[in-house]
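>>> Turn this into a model:
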Amino acid sequence: MYALRQGQTNFTVPKNQPPLIDTAVIRAAGQIYYTHCEVHPEIAGQPSGVAINRVNHRGKVIFTNQPVLLPQECFVPLSQIESHMY
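A predicted model of the protein is given here:
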């Protein structure tokens with residue numbers, strides 16, 4: 001019982017670890033990103049990721065480092081989309 005209470009009071013999320021995102025959301029973000037690349041090959045610039053709605057999986061490719069999100073949205077960085085492919 002003491003260990004249980006101690007674990008609850010001292011737990012903190014590491015600052016360098018990104019928050020966990022559902023794998024279905026990551027897959028949907030990957031589809032949005034790759035569809036964007038196929039439809040708009042002329043757009044220059046490196047996107048930073050995809051802002052995606054967690055409920056209906058609709059989203060947009062984002063080119064800024066600090067995206068502004070709606071309450072039901074989350075940001076999936078491009079590095080996480082690419083690492084989920086493999």
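
>>> and the residue nearest to the spatial centre of the chain, helix, strand or coil?
Closest to where the C-alpha atoms of the chain average out (CA atoms, centre = their mean) is residue 76, at 1.6 Å. Here residue 76 is recorded as strand under DSSP: H, G, I helix; E, B strand; the rest coil.

>>> Report the helix or strand with the lowest average pLDDT across the chain.
The weakest-scoring helix or strand in the chain, judged by mean pLDDT, DSSP states H and E, is helix 2-9 (a mean of 49).

>>> where exactly do the helices run in this protein?
Counting by DSSP state H, one finds helices in the chain at the ranges 2-9, 23-39, 78-85.

>>> which of these is buried the deepest?
helix 23-39 (a mean of 15; mean count of other CB atoms under 10 Å). Glycine gets a C-beta too; all of them are placed from N, C-alpha and C.

>>> if we can go back for a sec, surely the residue nearest to the centre of the chain meets residue 20?
No. The criterion here is CB atoms under 8 Å, and residue 76 misses it with residue 20 at 11.5 Å.

>>> Out of the helices of the chain, which gets nearest to residue 66?
Nearest to residue 66, of all the helices of the chain, is helix 78-85, at 14.6 Å by CB to CB.

>>> Quick one: residues in contact with the closest one.
Contacts of helix 78-85 with the rest of the structure, by CB atoms under 8 Å, 6 or more residues apart in numbering, involve 18, 21, 23, 26-27, 29-30, 33, 46-50.
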